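> structure for this input, please:
(one chain, ligands or ions: 1)
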Amino acid sequence: MKVYFAGSITGGMEFAKQYEQLNDFLKTKAIVLTEHLGSGKISDQGEQLEADYIFKRDTDWIKESDLLIAEVSTPSLGVGYEIALAEQVGTPIVCLYNKKSLKRLSGMIRGNKKITLIYYETIEEAIQELKKVLA
Ligand code: 6IA
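Numbering: from 1, shown residues only. Below you'll find the model as predicted:
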């Protein structure tokens, strides 16, 4: 199974630690196309690649992935775009929102019945819920 793992970069990386922990878990269950996000090495500058290259690569990856998992605790234009694209091409979507986030979760995510939404506080909780979804 191929998973596209999305999370805010330019929008802010307050949850970088969680990206890393989620990425480590997901790698035990699937091929994670966007491993760089949870590598612990990426900053809010993102990968140092041309924007047109990133756009093409990431949209192609979304089209070929079996599941999109987005960490949405930090609002991000890029992640919102990726979620909408996944919906358009019929890729199932799971969003994870940390209850300690200082940002409210957008109604465009909360109100979308096609999205499986997981609210979590600890990473163990998030992983437990993800296991159910992946089973
Ligand atoms: O708007 P954001 O940057 O927060 O969007 C983050 C999402 O878009 C992530 O899920 C990534 O898959 C994707 N993304 C956006 N920018 C990058 C990037 N470098 N490197 C990797 N993935 C990205 C940014 C460099 C750019 C300023 C030229």
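> which SS state does I62 fall under?
Assigned state for I62: helix (three-state reduction, DSSP: H, G, I helix; E, B strand; the rest coil).
> and it, how close does it get to the ligand?
Counting by CB to the nearest ligand atom, to the nearest Å, the gap from I62 to the ligand is 9 Å. The way it works is simple: take the backbone N, C-alpha and C, and place the C-beta from them, glycine included.
> can you offset everything so residue one is 101?
Understood, numbering begins at 101; the last thing we discussed is I162.
> ramachandran angles for the residue with the largest distance to the centre of the chain?
Relative to the centre of the chain, and counting by CA atoms, centre = their mean, the farthest-placed residue is E150 at 21.1 Å. The phi and psi values for E150, taken as degrees, to the nearest 10, are phi -70, psi 140.
> cool, I131 as well?
With angles defined as degrees, to the nearest 10, I131 sits at phi -90, psi 120.
> mind listing the helices for this structure?
Along the chain, counting by DSSP state H, helices occupy 116-127, 151-164, 177-189, 207-210, 223-234.
> need these in TSV (columns: mean neighbour count, mean pLDDT and distance to L133).
Formatted as TSV, the helices of the chain follow (neighbours: other CB atoms under 10 Å; pLDDT from 0 to 100; distance: least, CB to CB, whole Å):
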stretch	mean neighbour count	mean pLDDT	distance to L133
helix 116-127	19	96	10
helix 151-164	13	96	4
helix 177-189	17	98	12
helix 207-210	12	98	21
helix 223-234	15	96	16
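> out of those, flag the one nearest A170.
With CB to CB as the criterion, A170 lies closest to helix 177-189 of the helices of the chain, at 5.3 Å.
> and this structure, which residues reach the ligand?
Where the chain comes near the ligand, counting by CB under 6 Å from any ligand atom, the residues are 106-111, 134, 146-147, 151, 154, 158, 176-179, 182.
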